[in-house]
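Novice: sequence-free structure coming up:
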């Protein structure tokens, strides 16, 4: 995309706006007019800066071309003015020996190709530090001959600094820059929600604990930032997560009145309150438990089938150099079976994707098995079992795919998704009825009382895709009471108008009476607030749910904001919480980079800064 890569990302066959998550299929003719039009209409400030940068680039290119032409003319004049040497003169200098079989860089290239400006040097230092963070590299890569050769070719006059400079000074400065940026965003947010996630490092026998903050900015855009990262040996306990969360709250000084909810995608505690913030278990974790219960009935004694298929899948995947498979990094669920611990090391949606791909490429797998005779052949009955598992998981994947966003899915989808999954499983009686009933039973038990949790049912109400379609009438009263509360919250102060002073005769007893008697405040009475709230609720719920609508785009609309100002206040709070955790295969799961070499080369505190920057540079750019 070139100059548009700062504002859009490429995901599969889609172009996605980094600011508003607007997406468009990648044009076959590679045109960028639609991207430019989107910036111009939806993000005029970004378009203005983009246009200025584009014009500066064109100007710089023009000047560079003029300098190159002038330099070429100067070299021609220099060559013509040099005296010719006779046959007896020995003016030719001996050829210098090559170093490492590479020809020396011409002196003219050294003088012309690099600008020794100090600011430019600092940008190179910054770029090297960012590369170290985004690629999760050990400091030893600075001494790599290939990297040093790259610097020598691209920036011959640049003096590469020591390891200590990059691991202390440069890393610390970059961390402070992103920390300040994130703190400013959290300070300006009306409400902030958090999630805790645990990613499993199988080979290292450790875990990565990640605390992510979610909020809605002033432009009604959903935002998220990674605010704390910690490497924990083994499987983390509740104290590890609680300590990291407490450290984060103190570091960013988030006010208590801003805290909404902490969603634990990998629960480690049964406490309802953690560090003064309400804690809830993520829906993905509950769905995973329910699916495991159902699959345990289906697999029976064939537990090792999944492990065999995973090994075959990894070998087969390597045959295609255009693809890269990562392990599922979700913390594995452990359940006790007598004296044996059964470990399911894949979440259900990663399992579904793997089995679906294997079933599609069934014929190709025969060649992989021939080349790897140590793998046992997959029998016909085992393929039938694979297809049965796919049939069980398919309605779950379909329903989840309709509401899940790659980076941020609000908690408003939880109750509708739960009810739709139950109906899908109960209505589909074509196969595996007992397995689907087991999943429904377990999921219903785990989600019991979900409609009584205000962070769930209020979020669903303020989402224009669902409104009140998934509740009985008695929930309207709770929604109405919350809207009434919004009527008493402080609003922006109107512009003060300075009135001219006027003389009042306080000897007049009527004027004196008004002066000394306390006047009723100008705030809305409870009756007025209730009337206003009821009017908003009736009008809002009278509209049909629009499933294809973007809830944030809906509340960003000036007309909707003016019609339902109280409900919009609720949306700022309840749509800030995440409902579904981030995909295992997303950019937050590049845990194969965290090796023993990486740990041995970094101090623990510096490594946490590196991982913090690894996440946030990829979110907010360089």
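Specialist: Noted; the coordinates are in hand. This is a predicted model, so every value here is computed, not measured. Numbering: from 1, shown residues only.
Novice: For the stretch 501-622 of the chain, give me the ranges with low pLDDT.
Specialist: 501-530, 581-601 (pLDDT under 70).
Novice: And the strands in it?
Specialist: In the stretch 501-622 of the chain, the segments counted as strands under DSSP state E, counting those that start in this stretch are 578-580.
Novice: What ranges does it have for its helices?
Specialist: 509-516, 526-542, 551-556, 558-563, 565-574, 596-601, 604-620 (DSSP state H, counting those that start in this stretch).
Novice: helices and strands around the second one, which ones?
Specialist: For helix 526-542, the elements it packs on are helix 475-487, helix 558-563, helix 565-574, judged by 3 or more CB pairs under 8 Å, 6 or more residues apart in numbering; DSSP states H and E. Backbone N, C-alpha and C define where each C-beta goes, glycine included.
Novice: closest to residue 56 out of the ones you listed?
Specialist: helix 558-563 (33.7 Å; CB to CB).
Novice: Show me which positions of the closest one end up buried.
Specialist: residue 560 (16 or more other CB atoms under 10 Å).
Novice: That one packs against which elements?
Specialist: helix 526-542.
Novice: Give me the angle between the helix it packs on and helix 565-574.
Specialist: 70 degrees (axes from the mean of the first three to the mean of the last three CA atoms, to 10 degrees).
Novice: all helices of the stretch 351-500 of the chain, in order?
Specialist: Going by DSSP H, counting those that start in this stretch, the stretch 351-500 of the chain shows helices at 362-371, 380-403, 414-427, 433-446, 454-462, 475-487.
Novice: and these, which is most packed in?
Specialist: Stretch with highest mean neighbour count among the helices of the stretch 351-500 of the chain: helix 454-462 (a mean of 24; mean count of other CB atoms under 10 Å).
Novice: all strands of the stretch 151-300 of the chain, in order?
Specialist: 192-201, 206-216, 222-233, 259-264, 273-274, 277-281.
Novice: if we can go back for a sec, which one, of the helices of the stretch 351-500 of the chain, ends up nearest to residue 2?
Specialist: Of all the helices of the stretch 351-500 of the chain, helix 380-403 comes closest under CB to CB, at 31.2 Å.
Novice: quick one: low-confidence parts of the stretch 301-450 of the chain?
Specialist: Ranges of the stretch 301-450 of the chain meeting pLDDT under 70: 301-303, 314-345, 368, 372-376, 406-407, 429-430.
Novice: hmm, 50 instead?
Specialist: In the predicted model, the stretch 301-450 of the chain carries pLDDT under 50 at residues 321-325, 331-343.
Novice: Which residue ranges make up the domains of this protein?
Specialist: 1-77, 169-236+587-620, 286-452, 464-491+522-574 (automatic domain parsing).
Novice: on that earlier part again, and the helices of the stretch 501-622 of the chain, which is most packed in?
Specialist: helix 565-574 (a mean of 22).
Novice: and residue 241, how many neighbours does it have?
Specialist: 25 (other CB atoms under 10 Å).
Novice: From residue 212, how far out is residue 618?
Specialist: Look at residue 618 and residue 212: by CB to CB, to the nearest Å, they are 13 Å apart.
Novice: Give me the phi and psi for residue 144.
Specialist: Residue 144 adopts backbone torsions of phi -70, psi 130, taken as degrees, to the nearest 10.
Novice: And for it, the neighbour number?
Specialist: When counting by other CB under 10 Å, one arrives at 11 neighbours for residue 144.
Novice: can you list the helices of the stretch 351-500 of the chain in CSV and add distance to residue 145?
Specialist: Converted to CSV, the helices of the stretch 351-500 of the chain look like this (distance: least, CB to CB, whole Å):
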stretch, distance to residue 145
helix 362-371, 35
helix 380-403, 46
helix 414-427, 53
helix 433-446, 55
helix 454-462, 55
helix 475-487, 63
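Novice: Identify whichever of those lies nearest to residue 614.
Specialist: Nearest of those (CB to CB): helix 380-403, 27.1 Å.
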